[in-house]
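Engineer: need the 3D shape of this:
(chains A and B)
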There are 2 protein chains.
Amino acid sequence: MEDTFVDWLLARLPTDGRLEVPPGDDAAVLRPPAMRRTVVTTDMLAEGVDFLLGDGPGRCRPRDVGRKAMAVNLSDLAAMAARPEAAVVAVTLPRDDGEAIGRELFEGLLEVATAFDVTLAGGDTNAWEGGLVVSVTAIGSVPPGRAWRRDGARPGDAIVVTGRFGGSLLGRHLSPRPRCREAIAIAERFPVHAAIDVSDGLSLDLARLARASGVAAWIAPEEVPIHDDAFRAAAAEPGGRTPIERALGDGEDFELVLAMPADAAEELLAAAPDGVELAKIGGIVAGEGLKQQRPDGSLATLPATGFLHRFDEEAG
Amino acid sequence: MEDTFVDWLLARLPTDGRLEVPPGDDAAVLRPPAMRRTVVTTDMLAEGVDFLLGDGPGRCRPRDVGRKAMAVNLSDLAAMAARPEAAVVAVTLPRDDGEAIGRELFEGLLEVATAFDVTLAGGDTNAWEGGLVVSVTAIGSVPPGRAWRRDGARPGDAIVVTGRFGGSLLGRHLSPRPRCREAIAIAERFPVHAAIDVSDGLSLDLARLARASGVAAWIAPEEVPIHDDAFRAAAAEPGGRTPIERALGDGEDFELVLAMPADAAEELLAAAPDGVELAKIGGIVAGEGLKQQRPDGSLATLPATGFLHRFDEEAG
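Structural biologist: Next comes the predicted model:
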């Protein structure tokens, strides 16, 4: 009887004072930090939907999948202003070459976990005839009542975003940089009424924030920071979507969208904590749905575009 | 823009005082119980490996998958003597008929969660061309230093098991009854040095406990409680494995295996808390590996049999 792959995994995991029982038991036992809430999020990535394994354009290595699987979960913690603490990983490996894929996947998971001081606390390894599926559950902590929610945006709030948007499929989508440190730095000094991270599309995720809050959100398109990748993607596809359309709808930017009091937004932009790029792109008004500000200042409807992980792929 | 399936899910979730932020945000926010450790476990079930959807022999409904996905995780919490608190669920649904499958799956998840007072705190829903994959992460709590570990068995300990073993594939494997309440009742009154739940096979899981503890475990085969299903399965396959072989190697019994001081084991068997069926089936000695007690009292090697979720299916 040998569980060689699991033994290999366990031997690679550093010890961590947050664990009362080390990995390898029926479950992990964590010492929750005193006086903090526990924040939990889970995301599953599946081959053929979220990534294609292999070499060549549009394909990636298992290590990239591991990095991304950890990073997208940490991005969800960032959207709550939570400090990352621990993660567990469930994986179903292809039976062909599964052990090699599993090792490389794990190296990617561990790389991002280490970079963000996350302890890999446990997991579950399976094999099947299908493609690679990996599910990470990340656990963070936040002071009571201080988690950023989606549903707190109020009319008069400004919309502030981190980073730049669009064209992530040129490669950036595989190595998202979760804004954990930036979120915590902002949360410590500035009031934020609502937050979300951009996984499916800036406009779609902002529309979700607005809907949860029972308000309308507007964007000034000329204020949206467009990533170089969006220009490159547009240039490579003449007649296709414009850079701003890509910025609003491509998704997988894993940047933060914050709704906060207008004066606090000004202070935040002036302070620029941690050197992160910040931009005010719009605001919140009474009503519902998503709007764009016309040059004359009036508001028109803006379709929410992005990726819906359901039974139809494009939201309209 | 409509997230109708997710909206349907969220509307079905009861409110729960353990949640500071309700489901539907980027992450769940839990109030961890004071003075307790956090116990975390994750298990992924994949179509074609852990279940076959459909009607007819050996097949099951999405609702069964939901029940099982929740129950196997709660069984891991039981093996730590942890009280179940919350769960998050990541699922990738087949694109064909995925929404109907998802709804039925969720009903099964919620049924078991409700029965064990687990709050469904959040999740992630995806769709693809492949089979159904569901990953549950369950979160429990336990007083500091009181979690049952695998690695604490000592020579002289008795091996006590709950329930009966073997033949689970006749249908019992789809509706495991996690021994959460029994584990907590035992942990409150009796010293337990090590514990594991039987997912892959009584002998294989006991061998894992022995290996983690750096000791040998022995079984008296005539003391192993054999489930009626093991007799039925053996009768249906003349010349196949015997009932005791099935009890030792079939797995998916989701019963508990406990290593505890011999005198405490006697007291536990006499007390039989909560009416659960308990049996002493063997003990712990110095050395390594798995043994069986011969009628003359001597020990012979016993192969550890069961299901290995790796790249070969049978352990030897």
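Engineer: quick check: the residue nearest to the spatial centre of chain A vs A:Gly306, distance?
Structural biologist: For chain A, the residue sitting closest to the mean C-alpha position, by C-alpha atoms, centre = their mean, is A:Ser75 at 3.4 Å. Going from A:Ser75 to A:Gly306 by C-beta to C-beta, to the nearest Å gives 15 Å. Every residue, glycine included, has its C-beta placed from N, CA and C.
Engineer: hmm, back to that, okay, and the residue nearest to the centre of chain A sits in which element?
Structural biologist: helix A:62-78 (DSSP states H and E).
Engineer: and the next element down the chain from that helix?
Structural biologist: Next element after helix A:62-78 (DSSP H and E): strand A:83-94.
Engineer: got a list of contacts for the next helix or strand after that following strand?
Structural biologist: Using DSSP H and E, the next helix or strand after strand A:83-94 towards the C-terminus is helix A:98-115. Here helix A:98-115 makes contact (C-beta atoms under 8 Å, 6 or more residues apart in numbering or on different chains) with A:5, A:8-9, A:12-14, A:53, A:61-71, A:74, A:87, A:89, A:91, A:93-94, A:118-120, A:125, A:127, A:132, A:134, A:136, B:310-311.
Engineer: between strand A:83-94 and helix A:98-115, find me the angle.
Structural biologist: For helix A:98-115 against strand A:83-94, the angle by axes from the mean of the first three to the mean of the last three C-alpha atoms, to 10 degrees is 170 degrees.
Engineer: what pairs with whichever helix or strand comes after helix A:98-115, parallel or antiparallel?
Structural biologist: Proceeding N to C from helix A:98-115, the next assigned helix or strand is strand A:119-128, under DSSP H and E. Each strand paired with strand A:119-128, and its direction, by DSSP bridges: strand A:83-94 (parallel).
Engineer: how about the partner strand as CSV, C-alpha atoms only?
Structural biologist: Extracted C-alpha coordinates of strand A:83-94, given in CSV (Å, rounded to 0.1, in the frame of the first residue of the first chain):
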residue,chain,number,x,y,z
ARG,A,83,-6.1,38.7,4.9
PRO,A,84,-5.3,35.3,3.3
GLU,A,85,-4.6,32.6,5.8
ALA,A,86,-5.0,29.0,4.4
ALA,A,87,-6.2,27.0,1.5
VAL,A,88,-7.3,23.5,0.7
VAL,A,89,-7.2,22.0,-2.8
ALA,A,90,-9.3,19.2,-4.4
VAL,A,91,-8.1,17.9,-7.7
THR,A,92,-9.2,15.3,-10.2
LEU,A,93,-6.2,14.5,-12.5
PRO,A,94,-6.3,12.9,-15.9
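Engineer: got any ranges where chain A has weak pLDDT?
Structural biologist: Within chain A, the ranges that satisfy pLDDT under 70 run A:1-3, A:308-316.
Engineer: got the residue ranges for the strands in it?
Structural biologist: Secondary structure of chain A, counting by DSSP state E: strands at A:19-21, A:28-30, A:37-46, A:83-94, A:119-128, A:133-142, A:158-162, A:194-197, A:216-219, A:256-260, A:278-285, A:289-293, A:299-301.
Engineer: from the contacts of helix A:98-115, which would you call buried?
Structural biologist: The neighbour-count test (16 or more other C-beta atoms under 10 Å in any protein chain shown) applied to the contacts of helix A:98-115 identifies A:5, A:9, A:13, A:53, A:61-71, A:74, A:87, A:89, A:91, A:93-94, A:118-120, A:125, A:127, A:132, A:134, A:136, B:310-311 as buried.
Engineer: A:Ala236 - how many residues pack around it?
Structural biologist: By the measure other C-beta atoms under 10 Å in any protein chain shown, the count of residues near A:Ala236 is 10.
Engineer: likewise for A:Ala115?
Structural biologist: A:Ala115 has 15 neighbours, counted by other C-beta under 10 Å.
Engineer: and the residue in the stretch 151-300 of chain A that chain B sits nearest to, what does it touch?
Structural biologist: Going by C-beta to the nearest C-beta, chain B is nearest to A:Ala207 of the stretch 151-300 of chain A, at 5.7 Å. Contact analysis of A:Ala207 by C-beta under 8 Å, 6+ apart lists A:Ala217, A:Gly289, A:Leu290, A:Ala304, B:Met1.
Engineer: dump the residues you listed to a markdown table, plus distance to A:Glu47 and neighbour count.
Structural biologist: A markdown table is the format used below for the contacts of A:Ala207 (distance: C-beta to C-beta, whole Å; neighbours: other C-beta atoms under 10 Å in any protein chain shown):
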| residue | distance to A:Glu47 | neighbour count |
| --- | --- | --- |
| A:Ala217 | 34 | 30 |
| A:Gly289 | 35 | 17 |
| A:Leu290 | 32 | 25 |
| A:Ala304 | 28 | 24 |
| B:Met1 | 27 | 18 |
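Engineer: list just the nearest of those residues to A:Val198.
Structural biologist: A:Ala304 (12.1 Å; C-beta to C-beta).
Engineer: so how far is chain B from that closest one?
Structural biologist: Remark: distance between A:Ala304 and chain B (C-beta to the nearest C-beta, to the nearest Å) = 4 Å.
Engineer: isn't that residue up against A:Gly201?
Structural biologist: Yes: counting by C-beta atoms under 8 Å, A:Ala304 does reach A:Gly201; the two are 7.3 Å apart.
Engineer: quick one, the helix holding A:Ser75 and strand A:37-46 angle?
Structural biologist: Helix A:62-78 and strand A:37-46 are oriented at 150 degrees to each other (the same axes, to 10 degrees).
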